[in-house]
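Q: generate coordinates for the sequence data below:
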Amino acid sequence: MTTQSATSAATRMAPATRARRVRSHEVGWLLWPPLIFFAIALGFPLVSLFGLSMETGGAAYAGMWDVAAFPGSLMRTVVMAVVVMVLTVVLGVFYALAIAAAPIWLRVTLLAALLLSLWTSVMVRSFGWILLELPKGAIYWLLNSLGLREEPLEFYQTTLGMYPAMIAVMLPFAVLPVMSALQSIDREQLNAARVFGAGTGLTFRTVTWPQIVPAIMSGGVLVFVMSLGFYVTPLLLGGPANLTVSGVINGQINQANRPDLGAAMSILLVGGTMLIYLIADRLFRVSEKWG
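A: Sure, this is the predicted structure:
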């Protein structure tokens with residue numbers, strides 16, 4: 001009886017297994033367009049960069065450390081990415097919670113402002129921050145009008161001056177995953193917590209917070225990875241004295257006429273960024289939060 005039952009079960013499962021294989025074979029071709037796209041859009045430029053960096057026999061990978069601005073720019077880039085990540089995540093969590101808890105009119109306003117920021121060109125937003133941070137820009141005008149400052153500001157084109165603009169640019173990428181996680185929380189869990197006497201604070205700590213932590217990690221990793229390679233905003237707001245790695249790469253290619261060094265720096269930046277992302281994805285499942 002046992003052998004007959006096993007044979008019968010295997011017979012029933014065989015059509016289903018064959019059907020799954022057929023479906024997998026039928027939809028397999030859907031993978032080819034994105035694979036071809038990424039091979040052209042990402043693979044070809046990386047191969048070209050690597051070939052360019054090897055024109056001097058690999059000496060560019062040692063020579064890039066002799067560029068005076070590079071070690072400092074590397075440290076500045078990492079510090080900026082960490083600071084921007086932390087501040088953006090903190091602000092992003094509060095922003096997402098405000099969207100979730102606000103009345104409908106305020107929720108629409110906050111969401112519209114967030115999406116407008118996301119859809120606006122980075123260049124436009126960066127120039128807007130320049131107008132704010134200029135020695136006699138909008139911030140100075142406000143402080144001067146309130147009688148709080150007479151001297152012009154010394155904020156524009158400083159390391160500190162990069163951070164507000166970078167946070168504003170990166171904010172949507174920290175808010176959206178947290179907002180999605182908040183919307184996916186089962187309302188019955190919140191109701192059950194209230195029924196059993198949990199207040200707002202306890203409900204948040206025991207029900208809401210554990211379910212949004214993965215989304216917070218995901219947004220933080222994305223902000224950090226994007227900040228490592230950001231070019232326009234740090235260059236415009238930080239100035240030539242506070243270059244990040246991307247600014248130094250641009251200088252090696254366009255001013256110093258050393259494309260091999262610029263290519264080697266680019267490979268280091270891209271490789272480091274990909275490694276960080278893969279480790280973070282392994283730990284926090286970042287890719288699952290972004291589709």
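
Q: quick one: buried residues of stretch 32-51?
A: Leu49 (16 or more other Cβ atoms under 10 Å). Placement of C-beta: from N, CA and C, glycine included.

Q: what's the neighbour count on Gln183?
A: Gln183 sits with 10 neighbouring residues when counted by other Cβ atoms under 10 Å.

Q: what's the neighbour count on the closest residue to it other than its chain neighbours?
A: Distances taken as Cβ to Cβ, 6 or more residues apart in numbering put Ala100 closest to Gln183, at 7.4 Å, once the chain neighbours are dropped. As a burial measure, Ala100 scores 17 neighbours (other Cβ under 10 Å).

Q: contacting residues for Ala100?
A: Neighbour list for Ala100: Arg107, Met179, Leu182, Gln183 [criterion: Cβ atoms under 8 Å, 6 or more residues apart in numbering].

Q: go with 10 Å
A: Applying Cβ atoms under 10 Å, 6 or more residues apart in numbering to Ala100 gives the contacts Arg107, Leu110, Val178, Met179, Ala181, Leu182, Gln183, Ile185, Thr208, Ile212.

Q: ok, now Pro71?
A: Met64, Trp65, Val248.

Q: grab the nearest non-local neighbour of the last one.
A: Closest residue in space to Val248, ignoring its immediate chain neighbours: Ser73 at 4.6 Å, by Cβ to Cβ, 6+ apart.

Q: what's the burial count for the one you found?
A: For Ser73, the neighbour count with other Cβ under 10 Å is 22.

Q: now the one 10 residues further on
A: Val83 has 17 neighbouring residues, counting by other Cβ under 10 Å.

Q: thought it was touching Val90?
A: No - the pair Val83 / Val90 is not scored as a contact, 11.1 Å apart, by Cβ atoms under 10 Å.

Q: please enumerate the shared neighbours of the two.
A: Taking Cβ under 10 Å, 6+ apart as the contact rule, the neighbours common to Val83 and Val90 are Ile167.

Q: low-confidence regions, this protein specifically.
A: 1-28, 286-291 (pLDDT under 70).

Q: check whether Pro214 really touches Pro177, as I assumed.
A: Yes - here Pro214 reaches Pro177: they are 8.5 Å apart, a contact under Cβ under 10 Å.

Q: between the two, which is the more surrounded one?
A: Each of Pro214 and Pro177 has its neighbours counted (other Cβ under 10 Å); Pro177 has more, 24 against 17.

Q: buried stuff in stretch 64-78?
A: Met64, Val67, Ala69, Phe70, Ser73, Leu74, Arg76, Thr77, Val78.

Q: leaving aside the residues next to it on the chain, what's closest to Glu150?
A: Using Cβ to Cβ, 6+ apart and skipping the chain neighbours, the partner closest in space to Glu150 is Asn144 (6.9 Å).

Q: show me the contacts for that neighbour.
A: So Asn144 contacts Lys136, Glu150, Glu151, Pro152, Leu153 (Cβ under 10 Å, 6+ apart).

Q: ok, Leu237 - contacts?
A: Listed by Cβ under 10 Å, 6+ apart, the contact partners of Leu237 are 126-127, 129-130, 132-133, 155-166.

Q: report the buried members of the residues you listed.
A: For the contacts of Leu237, a burial check counting by 16+ other Cβ under 10 Å picks out 126, 129-130, 132-133, 155-159, 161-166.

Q: closest to Gln255 among the residues you listed?
A: In terms of Cβ to Cβ, no member of these lies closer to Gln255 than Gln157, at 18.0 Å.
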